[in-house]
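1. Fold the following.
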Amino acid sequence: MIHLTTERLIIRDLEESDVDGIFALDSDPEVLRYIGTPLMTERLEAAQVIAIIRRQYRENGIGRWALEERTTGAFVGWCGLKWEQHVRSFPYYDIGYRLIRSHWGRGYATEAASACLRHGLDVLNYPEICAAVEVEHQASNRILTKIGMHRGEPFLYEGKLCNWYSVRNGAPLP
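-> Now for the predicted structure:
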């Protein structure tokens, strides 16, 4: 079970009650523009996503976590770590985030990603945390650089050019 707080956010396990938030997130084509995830059309799909993530908690000890505003309790999106084995030819700890569009531009993704990165390195003691993002996704590329991840060689994934980011445990972070 995860419960982190930042200046403006609570980072916690996703719960079944987050169905409406996940549906709002993944039924917005602009949110999914650079992701490659199919657009949700039914709330049942959101419930299935939550069930998969909760299974990742049990099997891997980590998964994406819900973000909510501390002052209002509003569901903002998700952020967190997961064990990834599909994007590259090797497994790695991945950091990711996705926010409901009405919460964009407030610095929430940077705030949450920074907290999750530090948790993964300092508390979970992962040797390295990585991320992949489409080259064209300028906002996400800025976030990963801002939280202290280092850009490596670009690579092709499903026909799209992606930047590769990583940070090793012990590297200085901003």
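2. name the element residue 77 belongs to?
-> For residue 77, the enclosing helix or strand under DSSP states H and E is strand 75-84.
3. hey, which helix is longest across this protein?
-> Ranked by residue count and defined by DSSP state H, the top helix of the chain is helix 43-60.
4. who does whichever helix or strand comes after that one touch, helix- and strand-wise?
-> Proceeding C-terminally, helix 43-60 gives way to strand 64-69 as the next helix or strand, assigned by DSSP H and E. Using 3 or more CB pairs under 8 Å, 6 or more residues apart in numbering; DSSP states H and E as the contact criterion, the elements in contact with strand 64-69 are strand 9-13, strand 75-84, strand 92-99, helix 108-118. Where you see a C-beta, it was placed from the backbone N, CA and C, and this is true even at glycine.
5. Buried ones in the longest one, by neighbour count?
-> So that's helix 108-118. The neighbour-count criterion (16 or more other CB atoms under 10 Å) identifies 108-117 as the buried residues of helix 108-118.
6. Kindly report the same for stretch 126-145.
-> Buried residues in stretch 126-145, counting neighbours by 16+ other CB under 10 Å, are found at 126, 129-134, 137, 140-141, 143-144.
7. Quick check: end-to-end length of that stretch?
-> Between the start and the finish of stretch 126-145 there is a gap of 19 Å, counting by CA to CA, to the nearest Å.
8. before we move on, back to that, out of the buried residues of helix 108-118, which comes closest to residue 51?
-> Of all the buried residues of helix 108-118, the one with the least separation from residue 51 (CB to CB) is residue 116, at 21.4 Å.
9. which residues does residue 62 contact?
-> Applying CB atoms under 8 Å, 6 or more residues apart in numbering, we find residue 62 in contact with 56, 80-83, 93, 120, 124.
10. what do you get if the cut-off is 10 Å, keeping everything else the same?
-> Going by CB atoms under 10 Å, 6 or more residues apart in numbering, residue 62 touches 2, 53, 56, 80-83, 93-94, 116, 119-120, 124, 126.
11. now residue 152: how far from residue 143?
-> Between residue 152 and residue 143 the distance is 16 Å, computed by CB to CB, to the nearest Å.
12. Revised request: answer the last question for residue 88.
-> Distance, residue 88 to residue 143, by CB to CB: 20 Å.
13. ok, now residue 75?
-> Using CB to CB, we find residue 75 at a distance of 20 Å from residue 143.
14. Residue 87 now?
-> According to CB to CB, residue 87 stands 18 Å off from residue 143.
15. cool, residue 68 as well?
-> Using CB to CB, residue 68 is found at 19 Å from residue 143.
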